[in-house]
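Asks: the sequence isn't on hand, but the structure is:
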């Protein structure tokens, strides 16, 4: 992994204050069950840190062209570009993965997204291509891959190890004793 090649603010969905001392960069896929587990079970730990302005999350959708993960690519095309709405819809797609995740066609996911009042984003292909180039440069192969201060947490990882890394990153950046 080459975490120095990560460009947090490029082609990402920001959650939190961009001036936060700790940046967490997350490569995810909306249809990935491990990405869903991370979002629903591990990432909530970050909420108080985000609210205090200590941590900012940058989510980058890693489009895959094979298997069920391709469905994540199709769904991501409907996540709005407006930063205030984007994270809401990322979380919504994870939360409701059982409803749309087994739809076998792009048309089925399109119908599901449109039923939610969503429309396709014009820059989806461009964002996807740019994130794919970054993924190759950084060396990300599996999802989720979450970077905390250059330390990569890949696929299935222990919540405790992640929490320790976040706490340590805060200590290093702010001198806080959380």
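Replies: In hand now; what should we look at? The structure displayed is predicted, hence computed values, not measured ones.

Asks: what lies in contact with the helix or strand residue 74 falls within?
Replies: Taking DSSP states H and E as the criterion, residue 74 maps to helix 69-76. Residues outside helix 69-76 that contact it (CB atoms under 8 Å, 6 or more residues apart in numbering): 29-32, 35, 61, 63-65, 93, 100-101, 103, 106, 109-110, 112-113, 124, 128, 143. Quick note: C-beta positions are derived from backbone N, CA and C, even for glycine.

Asks: ok, now with 7 Å
Replies: 29-32, 61, 63-64, 93, 100-101, 103, 106, 109, 113, 124, 128 (CB atoms under 7 Å, 6 or more residues apart in numbering).

Asks: need the per-residue pLDDT for the residue lying closest to residue 97 once chain neighbours are set aside.
Replies: Counting by CB to CB, 6 or more residues apart in numbering, residue 97 lies nearest to residue 36, which is 5.4 Å off, once chain neighbours are set aside. Here, the pLDDT recorded for residue 36 equals 98.

Asks: and the one 3 residues further on, by the same measure?
Replies: In this prediction, residue 39 carries a pLDDT score of 97.

Asks: please look at it and residue 94 and confirm they touch.
Replies: Yes - shown here, residue 39 and residue 94 form a contact pair, counting by CB atoms under 7 Å, at 4.5 Å.

Asks: next secondary structure after the helix or strand of the chain with the lowest mean pLDDT?
Replies: Least confident element among the helices and strands of the chain, by mean pLDDT, DSSP states H and E: helix 124-138 (a mean of 91). For helix 124-138, the following helix or strand on the C-terminal side (DSSP H and E) is strand 145-148.

Asks: list the strands paired with that next one, with their directions.
Replies: strand 22-28 (antiparallel), strand 151-154 (antiparallel) (DSSP bridges).
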